[in-house]
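>>> Here you go, sequence then predicted model.
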Amino acid sequence: MTKKWTAADVPDMTGRTVVVTGASGGIGLVTARELARAGARVVLAVRDTAKGSRVAAAMPGRTEVRELDVSSQRSVRAFAEAWTGPIDVLVNNAGIMQVPESRTEEGFELQIATNYLGPFALTNLLLPHVTDRVVTIASQLHRLGKLSLTDLNWTGREYNALQAYNDSKLADVLFALELDRRLTGPSRSVVAHPGIAKTSLTSHVKGVSGVVPRMSFLFNDVEHGALPTLYAATQDVPGGSYVGPDRLGGFKGHPALGTPSKTARDPELARDLWDLSSELTRTGRELAV
């Protein structure tokens, strides 16, 4: 691309419905705001509805706030069961990073539950409503993922918070590409990543407060960090696309199509992960192959 794509290039979204998870802050907030500005009806699917309502009140256009905690399979099912009508774009944005070891009520490790198993279940439950695309937010750290299908929830290994995050992001890319392979009709699945963006996502990451000032030249601000998501949600990209910043090895810049890791493109691993995830969440069987 000769012209650098920005939020000003988001097309008219009038008449379209977009669901953005984790839209009360960071990249999700910017994504929701810009899509609403472009005319979309934007549903902010958030854990804290009071905060979500305050954020939505400051946005232009048509917005709605609904409760969703993607770490909870119960909450995911309640959200999906209450949904009626079409969804043009589902943006799986909500996530956490390198948090202390914790488990959900289902016994899932918290990062894999929030970043992957929740979005997997939500997508499959909402898929009958999706008319255009699913956008799943990943990370370049998926390249360091070492996903264990025999111990997805870290019950047999010593917990490593950063590795658990990397693994969850690898799972996201595997899932998004496998979803696109399984979809029929006009809908598609694409991946976006923000490079390295300065958001609250890294609040639990050890040492980040000292690194950020020295290495800020490598980082996108939140406005630029949201551009790959906006691009993936609104442009005519092929299914299975991987969209991220175009500079410094995908760390920062403007949206461009890239290539995920070789492991993330392994269809056999993706199929095995899908089968396991379907068993754990009791969703996704409709797209069995």
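Structure's in. What do you need? Numbers count the residues shown, from 1 in each chain.
>>> ok, which stretches of this structure are strands?
Taking DSSP state E, the strands of the chain run over residues 17-21, 41-46, 62-67, 87-92, 130-137, 188-192, 242-247, 252-258.
>>> who's in contact with the longest one?
Residues outside strand 130-137 that contact it (CB atoms under 8 Å, 6 or more residues apart in numbering): 16, 27, 86-93, 95, 119, 123, 127, 172-173, 175-176, 179, 186-194, 229, 232-233, 239. For the C-beta atoms, the positions are set from N, CA and C on the backbone; glycine is no exception.
>>> Any quick ChimeraX command for the buried ones out of these?
To isolate the buried ones among the contacts of strand 130-137 in ChimeraX, judged by 16 or more other CB atoms under 10 Å, type:
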select :16,27,87,88,89,90,91,92,93,95,119,123,127,172,173,175,176,179,187,188,189,190,191,192,193,194,229,232,233,239
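>>> How much space separates Gly61 from Val76?
Distance, Gly61 to Val76, by CB to CB, to the nearest Å: 26 Å.
>>> Which one's more surrounded, these two?
Using other CB atoms under 10 Å, the more surrounded residue of Gly61 and Val76 is Val76, with 28 against 18.
>>> Distance check, the more buried one against Ser261.
The value you get for Val76 to Ser261, if CB to CB is used, is 27 Å.
>>> Apart from its chain neighbours, what residue comes closest to Gly253?
Arg247 (3.3 Å; CB to CB, 6 or more residues apart in numbering).
>>> quick one: Asp221 and Thr21, what's the gap?
In terms of CB to CB, Asp221 sits 21 Å off from Thr21.
>>> What's the per-residue pLDDT of Arg214 here?
We note a pLDDT of 47 for Arg214 in this prediction.
>>> same question, Gly253
84.
>>> ok, it touching His193?
No: here Gly253 lies out of contact with His193, judged by CB atoms under 8 Å, at a distance of 12.0 Å.
>>> Low-confidence ranges, the stretch 51-200 of the chain, go.
The stretch 51-200 of the chain contains residues with pLDDT under 70 at 197-200.
>>> what's the burial count for the closest residue to Ser278 other than its chain neighbours?
Spatially, and ignoring its direct neighbours in sequence, Ser278 is nearest to Gly284 (3.9 Å; CB to CB, 6+ apart). Using other CB under 10 Å, Gly284 has 23 other residues around it.
>>> ditto for Leu162
Counted with other CB under 10 Å, Leu162 comes out at 14.
>>> where's the nearest residue to it once chain neighbours are set aside relative to Glu268, distance?
Distances taken as CB to CB, 6+ apart put Gln98 closest to Leu162, at 5.1 Å, once the chain neighbours are dropped. Look at Gln98 and Glu268: by CB to CB, they are 29 Å apart.
>>> Ok, Val30 next?
Counting by CB to CB, the gap from Val30 to Glu268 is 36 Å.
>>> what's the answer for Thr259, then?
From Thr259 to Glu268 the distance is 19 Å (CB to CB).
>>> who has more neighbours, the two?
Thr259 (11 against 7).
>>> Can you give me the pLDDT of the more buried one?
Looking at Thr259, the pLDDT reads 97.
>>> dump the residue contacts of the closest residue to it other than its chain neighbours.
Spatial nearest neighbour of Thr259, chain neighbours left out: Tyr242 (6.1 Å); criterion: CB to CB, 6+ apart. With contact taken as CB under 8 Å, 6+ apart, Tyr242 is in contact with 138, 173, 190-193, 257-260.
>>> could I get those as JSON lines with distance to Thr150?
Shown next, in JSON lines, are the contacts of Tyr242 (distance: CB to CB, whole Å):
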{"residue": "Ala138", "distance to Thr150": "23"}
{"residue": "Val173", "distance to Thr150": "20"}
{"residue": "Val190", "distance to Thr150": "29"}
{"residue": "Val191", "distance to Thr150": "25"}
{"residue": "Ala192", "distance to Thr150": "30"}
{"residue": "His193", "distance to Thr150": "27"}
{"residue": "Leu257", "distance to Thr150": "34"}
{"residue": "Gly258", "distance to Thr150": "30"}
{"residue": "Thr259", "distance to Thr150": "28"}
{"residue": "Pro260", "distance to Thr150": "23"}
